[in-house]
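Peer 1: Next come a sequence and a model predicted from it.
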Amino acid sequence: MFLICSKAAVTLPPMTQSFALQADVPAPADAARRRGRGAVSNASGRFEPYARIEEDDGWDSLGDLPPFRTEVALEKARTAITRNQSPDIAFDRSINPYRGCEHGCVYCFARPTHAFLGLSPGLDFESKLTAKPNVADLLRRELAAPNYKPRTIALGTNTDPYQPIERTHRLTRKILEVLEETRHPVGLVTKSALVLRDLDILARMATQGLAKVAISITTLDPKLAREMEPRAPTPSRRLATVAALAQAGVPVTVLTAPIIPSLNDHEIDRLLEAAHGAGATEAGYVLLRLPNEIKDLVQEWLLERHPGKVRRILSLVRDTRGGKLYDSGWGVRQTGEGPVAWMIGRRFEAAAKRLKLDRRRLRLRTDLFTPPRGTGGRIQEQLNLFG
């Protein structure tokens, strides 16, 4: 059964209070129900006035609850391209064909966006997903706008465009087909080997300087990866994906993200060496980010999976965030600040320089762009004849 109460009435358990976290903390969901999932709980989002807490009524009622299964809702999107003006991000536009991500990475910085849907950033984020089946049609229309000016479109900036449901919905594939047709530059970020399904398109675009791919690899330890990213491919599979992309001529960057002090920061050198050996030509990193609900989700996960390290890890995170668990300031949210962040940054830079992974980021071409035909009515089609 569920108890529903005002969030003001929810008290923090003693272990949680010792870390001075500011959010409601639900009871962990039954382990059998959430098997194969990343989050420990399913707390209501920050915009909801009430908290729903699982509570056994003495009749073993929690054992009757069904497991968390992936559900996909269809959304009729209004726009395809999302724009941003963030000064510390290398792109100003992106496309996200899905909301939520089945990979279940416990640290995912996109989790808080599920709160805008009235859903939990916890288990709901990885089991209640949304797909936008009209996204490719919208993209075609937006690229045909008379005032559109091409710049690299990023895919995978919020949730993974190659998460498991892409096998069925193929929205990322449809987006790439539009971008190839219009010779529009694209940069992809993914953890998934499913990106190789679209190697035909990506290889053709890469020969024109129109495509590059970043593969995110958090750790080389398969056990730790399974704990943190339960439905993402194994580290060895991701390295094999880097190799396949590189062999096909697609420029590949490896992202060591996130780096978590005292958990995976010792792997920086080995991880970059493995990525370089697989064919990566660039590298980047992001320090663990804990905005909004993520700080509670990560703490719950640490208490369950690495209880002996939780105090140490959170203490080091605070050292990189000016005494807080997170600082959203431009320029520091990705890398942190202070001595601990400085040492992590210098270690990464030294390894990247030694392996020649510190080259300037590849700039994709925009001069080949051709607006799509047949999207602006008869007049636009006639004008296209002269283009």
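Peer 2: Noted; the coordinates are in hand.
Peer 1: Let me know the average pLDDT across the longest helix seen in the chain.
Peer 2: Using DSSP state H to assign secondary structure, the helix with the most residues in the chain is helix 339-354. Predicted confidence along helix 339-354 averages 97 (mean pLDDT).
Peer 1: same for that helix, what does it pack against?
Peer 2: In terms of contacts (3 or more C-beta pairs under 8 Å, 6 or more residues apart in numbering; DSSP states H and E), helix 339-354 is packed against strand 252-259, helix 268-278, strand 282-287, helix 310-320. Where C-beta positions appear, they are placed from N, C-alpha and C, glycine not excepted.
Peer 1: Around the closest residue to residue 194 other than its chain neighbours, how many other residues sit close by?
Peer 2: Counting by C-beta to C-beta, 6 or more residues apart in numbering, residue 162 is the residue found nearest to residue 194 once chain neighbours are left out, at 4.1 Å. The criterion is other C-beta atoms under 10 Å. On that basis, residue 162 has 27 neighbouring residues.
Peer 1: Would you mind confirming that residue 162 makes contact with residue 189?
Peer 2: No: at 9.7 Å, residue 162 and residue 189 do not qualify as touching, with contact defined as C-beta atoms under 8 Å.
Peer 1: Find the residues that touch each one of the two.
Peer 2: When contacts are counted by C-beta atoms under 8 Å, 6 or more residues apart in numbering, residue 162 and residue 189 are jointly contacted by residue 156.
Peer 1: Would you mind measuring from residue 149 to residue 136?
Peer 2: From residue 149 across to residue 136, the span is 20 Å (C-beta to C-beta, to the nearest Å).
Peer 1: Residue 205 too?
Peer 2: Residue 205 sits 16 Å away from residue 136, going by C-beta to C-beta.
Peer 1: hmm, who's touching the host helix or strand of residue 203?
Peer 2: Taking DSSP states H and E as the definition, residue 203 sits inside helix 199-207. For helix 199-207, the external contacting residues (C-beta under 8 Å, 6+ apart) are 173, 176-177, 179-180, 183, 186, 188, 195, 211-213, 244-245, 248-251.
Peer 1: Residue 149 and residue 136: which is more packed in?
Peer 2: For the pair residue 149 and residue 136, the greater number of neighbours falls to residue 136 (22 against 7), based on other C-beta under 10 Å.
Peer 1: roughly how far apart are that one and residue 81?
Peer 2: Distance of residue 136 to residue 81, computed by C-beta to C-beta: 12 Å.
Peer 1: next one: residue 187
Peer 2: Here residue 187 is placed at a distance of 14 Å from residue 81 (C-beta to C-beta).
Peer 1: Can you pick out the residue with more neighbours from these two?
Peer 2: A count of neighbours by other C-beta under 10 Å puts residue 187 above the other of residue 187 and residue 81, at 23 against 16.
Peer 1: Wait, that one touches residue 152, no?
Peer 2: Yes: taking contact to mean C-beta under 8 Å, the distance of 5.3 Å between residue 187 and residue 152 places them in contact.
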